[in-house]
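*Asks:* Dropping the sequence and predicted coords here.
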Amino acid sequence: MSSAIIIAALTLFICLIVLFAVAWIIKDNSIIDVFWGIGFVIVCGTALAFSDITAKKTLVTLLVAIWAFRLSFHILIRNKGKGEDFRYKAWRNEWKNFRVRSFFQIFMLQGAILLVVASPLLLIIASPSEDLGFLTILGALIFLGGFLLETISDWQLMKFRSNPENKGNLIETGCWKYSRHPNYLGEAILWWGLWICAIPEVNGLFTIISPLIITLLLRYVSGVPMLERKYQGRPDWEAYCQRVPVFLPNFWKGKK
């Protein structure tokens, strides 16, 4: 393993230990959600600082930085003044030995997942390749498509919720007319784009674990299922589910 990757990983876990201490003091583990994107900037920036800088390495690092800062700022604004996220509140009440479990199952586990998800980026940064090439450009374009979908979806939802007349209602317009979770879909798409950028590198195909993990987590574990359970049983939600697919759009059904 490249020394740059080892240094990047150590830096990340030191940051997570400090973050855990802060979360312990303020009693709010949801600050890990704000840190999620920044963690990738820390990992990639640290690895790049100990590697030879090329156009391709700079490109993927910039793409990740744009995504990370946008996402972290969005979550920070969204959570401002609302206290700990409902998921972490539930775990705080359910878990025995909460502090120990939260250290390992929230902070350290997310650090490990982050490193796995960042594997295409770390492989690119640790490789000598300088050629942008067709796959790198294609991957960057797919990344930008996913980034735009996620950004627009989040903006539409924030704008909808900022209107007092929409309090308690479900958003069913814009991107949300075609998918119940278009922001999560955009997130998954952009990671598939980053993986495509890594394919030309030696063993690049094997970093497919990155977009697979993100897609599976969002669709079946910590993303879609937890939010859907929150609204389950509401008549308007059940009707919305009948009209709009959960993840991948069905444009004919959406128009109907």
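*Replies:* Done, it's in. Residues are numbered from 1 along each chain as shown.

*Asks:* Confidence-wise, which helix or strand of the protein is lowest on average?
*Replies:* The weakest-scoring helix or strand in the chain, judged by mean pLDDT, DSSP states H and E, is helix 251-255 (a mean of 53).

*Asks:* Any regions of the stretch 1-150 of the chain where pLDDT drops low?
*Replies:* 1, 130 (pLDDT under 70).

*Asks:* Can you tell me the closest non-neighbouring residue to the residue nearest the centre of the chain?
*Replies:* With distances taken as C-alpha atoms, centre = their mean, the chain has Glu187 as the residue nearest its mean C-alpha position (5.9 Å). Spatial nearest neighbour of Glu187, excluding adjacent residues (C-beta to C-beta, 6 or more residues apart in numbering): Glu150 at 5.3 Å. All C-beta atoms are positioned from the backbone trio N, CA, C, and that covers glycine.

*Asks:* and the one you found, how many neighbours?
*Replies:* Using other C-beta atoms under 10 Å, Glu150 has 24 other residues around it.

*Asks:* My guess is the residue nearest to the centre of the chain contacts Leu218. True?
*Replies:* Yes: judged on C-beta atoms under 8 Å, Glu187 makes contact with Leu218 at a distance of 6.2 Å.

*Asks:* unless I'm mixing things up, Ser72 is touching Phe40, no?
*Replies:* No: between Ser72 and Phe40 there is no contact under C-beta under 8 Å: 9.8 Å.

*Asks:* Counting neighbours, go ahead and name the busier of those two.
*Replies:* Phe40 (23 against 19).

*Asks:* Trp195 and Ile208 touch, don't they?
*Replies:* Yes: in this structure, Trp195 is within contact of Ile208 by C-beta under 8 Å, at 5.8 Å.
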